[in-house]
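Visitor: Sequence first, predicted model second:
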Amino acid sequence: MRSLDILSRRGLLLGLGTGTAAMGAGRAALADPVFAEYPFQLGIAAGDPSSDGFVIWTRLAPRPLEIGNGMPSVPMPVKWEVATSPGFGTIARSGEVIARPELAHAVHVEVEGLEPNREYFYRFIAGRERTATGRAKTAPEAGAATAQARFGVVGCQAYEQGFYTAHRKAAEERLDFIYCYGDYIYEGRGNRTFNGPAGTSENARQHIGGEIYALDEYRRRYAQYKMDTDLQASHASTAWYVTWDDHEIDNNWVSALDQDGTPPEIFMLRQQAAMQAFYEHMPMRRSAFPRGSATQLYRHAAWGDLLDLNLLDTRQYRTNQPCDDAWASTCAGVSAADAQVLGQAQEAWLYQNLDRSRAHWKVLAQQVMVMDLDRKEGPEPGYNLDTWAGYSIPRARLLRRLKDRRIGNTIVLTGDEHQNYAGELHLDGRNPEGAPIASEFVTTSISSSGDGQDQRADGRRIQADNSFLKFNNAQRGYVVCDVTPERWQTEFKVLDKVSERGGTLTTRAKFAVASGDARVVAA
Ligand SMILES: [Fe+2]
């Protein structure tokens, strides 16, 4: 009766079904609820495809921007269906899952028992309401001969700084999957303007509220982002592999350290809230369920014998940025012997994956640039210290290992920079010796930094000063990778504007890497 009282007092549900569904532990869930407002306003998503399934996600939130999300504080059953066609004529798998108030009524279903390398369609039903239909593909079986894959790379979608036209366009591509490198949300307060490389610009739209610290604030920020229908279309079009970067929690955080010198035990409370909200809103497996201020985010995925995806976490185990993270500088801390980017456990795990891999291409799907770009004008070098260049010992350890063990066909996929870059990896970019060890493609932002331009003045100079850098562009967009056993191709797709809806998408450049040769060449 308690739940009925709450419901009628809030007036959020117009009526109730007669039954309750057994919930375990003596709790009852409402069955057959009638929603006064559409409960699936945050859309749907699929993630982490394997050869026999994927995760499907949704959240009940009739009033997504309110605390409590317009939901009564009771568990609620949600039905799900996975079919082999968009008409749902043949249901491959179906079931019911409980949306719990502890998780903001988010649901994650790890669908199993599907066929490899096949397209599926999914939807959710609660009461008389149904979601749109999502599409997701299962991966080819690990090791199975796979002729090609076509996938997208996205990230850095500051809501305020532009519209998500890139997501709308990516959705139309019906990609095999999308890798999201992070900065899915930004934690900053609502602002009318932002300071970018081109000076002060008007924001296209505004965050609600101040900088976010508490769980309900992170939830509301995710809700605001996820109400964007272009982003929803991108999720509905294919499954995503998601990692985070910094802004899911706070700018440039590493380990338990933020940029403001907050005591770690206090920052860890913020991390705990942010990590719970991240899990609640991402199509992640149960293995990524947060434990306090820790989340097992790094993981491996295979796409047949074509791709080994090492999804890395370059934030949670990293040592502090050297030289106070001053832009385009260097100091003794850059070569600190005990510096870590991945941390010992993740690094050992990655090296083992690389040693054992029999895939044609080994992918490091991660966040911050591995190329040691010299960003400072003049003879003295200066680095972005929030990238691998600020951590020369672990960076050299990784590249030396690839070189010494002759681990070829390694592709690094990166975000963070809000620019496109393509280049080659050497132990020391200032003195490149012999053939490159691996290749790196940096994907620009969906919206962060606003409209941008083809190339910034500093981008032109940096490209001229760093011979291993083959391409730089400072517009918004996304990347599509077309991969066969013989050849990797990266296509940089850019928009003329994101400050208004309806920007025009063009292919700015294509670069290729041939099997057995890490050079990055125009395609
Ligand atoms: Fe970003």
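Guide: Yep, it's here.
Visitor: Contact residues of the stretch 51-200 of the chain facing the ion?
Guide: Taking C-beta under 5 Å from the ion, the part of the stretch 51-200 of the chain that reaches the ion is made up of Cys156, Asp183. Placement of C-beta: from N, CA and C, glycine included.
Visitor: in the stretch 51-200 of the chain, which segments are predicted with low confidence?
Guide: Along the stretch 51-200 of the chain, the model assigns pLDDT under 70 to no residue.
Visitor: That one: helices as residue ranges?
Guide: 165-172 (DSSP state H, counting those that start in this stretch).
Visitor: residue boundaries of the strands in it?
Guide: All strands of the stretch 51-200 of the chain, identified by DSSP state E, counting those that start in this stretch, fall at 53-59, 76-83, 91-99, 106-111, 119-126, 129-130, 134-137, 149-154, 177-180, 193-196, 199-202.
Visitor: Show me what the last one is packed up against.
Guide: So that's strand 199-202. Counting contacts by 3 or more C-beta pairs under 8 Å, 6 or more residues apart in numbering; DSSP states H and E, strand 199-202 packs against strand 193-196.
Visitor: quick one: strands adjacent to the strand it packs on?
Guide: strand 199-202 (antiparallel) (DSSP bridges).
Visitor: contacting residues around the partner strand?
Guide: Gln161, Arg192, Thr193, Phe194, Asn195, Gly450, Ser499 (C-beta atoms under 8 Å, 6 or more residues apart in numbering).
Visitor: Taking those together, which two end up most distant?
Guide: Greatest spatial distance among those (C-beta to C-beta): Asn195 and Ser499, at 15.1 Å.
Visitor: higher neighbour count, the two?
Guide: Remark: of Asn195 and Ser499, Ser499 carries more neighbours, 16 against 9, as counted by other C-beta atoms under 10 Å.
Visitor: list the contacts for that one?
Guide: Applying C-beta under 8 Å, 6+ apart, the residues near Ser499 are Gly162, Phe163, Ser201, Glu202, Ala204, Gly450, Asp451.
Visitor: Model confidence for it, exactly?
Guide: pLDDT for Ser499: 97.
Visitor: what kind of secondary structure is it in?
Guide: coil (DSSP: H, G, I helix; E, B strand; the rest coil).
Visitor: gap between it and the ion?
Guide: 17 Å (C-beta to the ion, to the nearest Å).
Visitor: Then Ala464 would be within a strand, right?
Guide: No - checked against three-state DSSP, Ala464 lies outside a strand; its state is helix.
Visitor: That one - how many residues pack around it?
Guide: Neighbours of Ala464 (other C-beta under 10 Å): 9.
Visitor: Test for you: state the pLDDT assigned to it.
Guide: 93.
Visitor: tell me the contacts of it?
Guide: With C-beta under 8 Å, 6+ apart, Ala464 has no contacts at all.
Visitor: next one: Leu402
Guide: Here Leu402 is in contact with Leu354, Thr410, Ile437, Ala438 (criterion: C-beta under 8 Å, 6+ apart).
Visitor: mind listing what's buried in the helix or strand Val412 falls within?
Guide: Take DSSP states H and E as the rule and Val412 turns out to sit in strand 410-414. Under the neighbour-count criterion of 16 or more other C-beta atoms under 10 Å, strand 410-414 has Thr410, Ile411, Val412, Leu413, Thr414 buried.
Visitor: Looking at those residues, which is nearest the ion?
Guide: Thr414 (11.5 Å; C-beta to the ion).
Visitor: Once you drop chain neighbours, what's closest to the closest one?
Guide: Leaving aside its chain neighbours, Thr414 sits nearest to Val442 (4.4 Å; criterion: C-beta to C-beta, 6 or more residues apart in numbering).
Visitor: how about the residues of this protein that lie near the ion?
Guide: So the chain meets the ion at Cys156, Asp183, Ser448 (C-beta under 5 Å from the ion).
Visitor: Same list (those) but as CSV, adding neighbour count.
Guide: As requested, the residues of the chain next to the ion are exported to CSV (neighbours: other C-beta atoms under 10 Å):
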residue, neighbour count
Cys156, 26
Asp183, 26
Ser448, 26
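Visitor: returning to that earlier point: between the contacts of Ser499, which has the least confident prediction?
Guide: Lowest pLDDT among the contacts of Ser499: Ser201, 88.
Visitor: Would you check how far apart Thr319 and the ion are?
Guide: 21 Å.
Visitor: Could you grab the helix/strand/coil label for that residue?
Guide: Thr319 ends up coil, using three-state DSSP.
Visitor: the helices in the stretch 201-350 of the chain, which residues?
Guide: 215-226, 229-237, 264-281, 344-356.
Visitor: Now tabulate those in a markdown table and tack on mean pLDDT, mean neighbour count and distance to Arg93.
Guide: Formatted as a markdown table, those follow (pLDDT from 0 to 100; neighbours: other C-beta atoms under 10 Å; distance: least, C-beta to C-beta, whole Å):
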| stretch | mean pLDDT | mean neighbour count | distance to Arg93 |
| --- | --- | --- | --- |
| helix 215-226 | 98 | 22 | 25 |
| helix 229-237 | 98 | 22 | 18 |
| helix 264-281 | 98 | 20 | 23 |
| helix 344-356 | 98 | 14 | 30 |
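Visitor: would TSV of the ones you listed with distance to Pro322 be doable?
Guide: As requested, the helices of the stretch 201-350 of the chain are exported to TSV (distance: least, C-beta to C-beta, whole Å):
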stretch	distance to Pro322
helix 215-226	29
helix 229-237	35
helix 264-281	18
helix 344-356	18
